[in-house]
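# A predicted structure for the sequence below; I have some questions about it.
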Amino acid sequence: MKLYKAKDYEDMSRKAANIISAQVTLKPDSVLGLATGSTPIGTYKRLIEGYRNGDLDFSQVKSVNLDEYRGLTRDNDQSYYYFMYNNLFKDINIDLNNTNIPDGTEPDSEKECARYEAVVESMGGVDIQVLGLGHNGHIGFNEPADEFPKTTHCVDLTESTIEANKRFFADVNDVPRQAYTMGIKTIMSAKTILLLVSGADKAQILHDCLCGPIVPQVPASILQLHGDVIVIADEAAMSKF
Ligand code: F6R
């Protein structure tokens with residue numbers, strides 16, 4: 001595991017974008033594993049700048065996202081498809097046919113999870129998977145549990161996650177209660193994992209994930225077992241080290 005301390009959110013975003021840019025430059029048909037949430041927004045902004053400057057070409061890139069709320073349509077402004085389209089895809093030259101996000105509108109969860117797992121597998125391996133970190137240690141929507149969930153599955157979101165996400169919705173009752181997410185095995189099969197963490201509110205959980213026991217109650221602790229993890233955390237998030 002490589003752990004880089006960034007000065008602040010901007011510095012974290014720049015460092016992360018540099019790593020992803022190098023990946024795309026060295027392998028133009030890279031498979032990028034992408035995340036939503038507030039953490040990677042600055043990284044995506046820098047990737048857009050790289051494209052606009054002529055430094056980056058996404059025309060052959062493929063992407064797979066970690067997760068999607070169950071029940072939200074793509075045009076719902078809280079769906080993760082909407083997020084990815086508006087924070088990255090619409091401003092770079094990625095072919096939308098090469099982007100993949102679980103289909104939140106598929107009511108048959110087993111069918112959708114099996115389809116999505118097969119999509120990820122068919123990519124032949126995610127080259128670099130971007131992850132944010134939940135306050136309870138979740139990655140994707142793999143919430144604390146008694147065992148590590150393996151493949152793409154439908155989850156009931158915890159109260160802490162619903163609470164954290166309610167800021168994006170008009171009313172807490174509008175926050176979806178379920179999501180489709182890659183499983184821990186799906187995430188761990190990525191060749192490289194890029195974990196981004198910002199803010200003092202993540203300091204304790206980051207320390208628990210990287211230095212504590214590897215337990216499903218702290219889902220991101222499993223990353224200690226991956227052979228190629230890059231963590232970029234800002235000073236505030238690193239304050240417990
Ligand atoms: C997003 C995702 C989540 C977030 C996590 C952190 O696709 O899977 O695990 O990465 O909830 O969210 P932020 O970045 O908003 O703190």
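On my side now, so go ahead.
# What helix or strand is Val155 located in?
Applying DSSP states H and E as the criterion places Val155 in strand 153-156.
# how distant is stretch 149-161 from the center of its chain?
14 Å (Cα atoms, centre = their mean, to the nearest Å).
# Is that stretch positioned near the ligand?
No - using Cβ under 6 Å from any ligand atom, stretch 149-161 never reaches the ligand; the gap is at least 6.8 Å. The way it works is simple: take the backbone N, C-alpha and C, and place the C-beta from them, glycine included.
# what's next to that stretch, contact-wise?
70, 102, 109, 112-114, 116-117, 120, 134-136, 138, 141-144, 165, 175-186 (Cβ atoms under 8 Å, 6 or more residues apart in numbering).
# Now with 6 Å, please.
109, 113, 116-117, 136, 141-143, 177-186 (Cβ atoms under 6 Å, 6 or more residues apart in numbering).
# pLDDT (mean, whole number) over it?
Per-residue pLDDT over stretch 149-161 has a mean of 90.
# what comes up buried for it?
Pro149, Thr151, Thr152, His153, Cys154, Val155, Leu157, Thr158, Thr161 (16 or more other Cβ atoms under 10 Å).
# Stretch 52-68 too?
Those would be Leu56, Phe58, Val61, Lys62, Ser63, Val64, Asn65, Leu66, Asp67, Glu68, for stretch 52-68 by 16+ other Cβ under 10 Å.
# which bits of the protein sit near the ligand?
So far as Cβ under 6 Å from any ligand atom goes, the chain lies against the ligand at 35-39, 66-67, 132-134, 138-141.
# circling back to that earlier point, nearest to Glu235, of the buried residues of stretch 52-68?
Lowest distance from Glu235 to those (Cβ to Cβ) belongs to Leu66, with 26.0 Å.
# contacting residues for that closest one?
Ala35, Gly140, Met182.
# Might one say that Ile139 is in contact with Ile222?
No - in terms of Cβ atoms under 6 Å, Ile139 does not count as a neighbour of Ile222; the distance is 8.2 Å.
# neighbour-wise, which of the two wins?
The neighbour comparison of Ile139 against Ile222 (other Cβ atoms under 10 Å) goes to Ile139, with 27 against 20.
# Nearest residue to His117 in space, ignoring adjacent ones along the chain?
No, residue 117 isn't His; it's Glu. Thr152 (4.3 Å; Cβ to Cβ, 6 or more residues apart in numbering).
# Phi first, then psi, for that neighbour.
When quoted as degrees, to the nearest 10, the phi and psi of Thr152 stand at phi -60, psi 130.
# cool, Gly33 as well?
Dihedral angles for Gly33 - degrees, to the nearest 10 - are phi -90, psi 120.
# I'd like to know how far the closest residue to it other than its chain neighbours sits from Asn76.
Computed as Cβ to Cβ, 6+ apart, the closest residue to Gly33 that is not its neighbour in sequence is Gln129, at 3.2 Å. Noted for Gln129: a distance of 25 Å to Asn76, by Cβ to Cβ, to the nearest Å.
# Out of these two, name the residue with the larger neighbour count.
Shown here are Gln129 and Asn76; by other Cβ under 10 Å, Gln129 has more neighbours (27 against 16).
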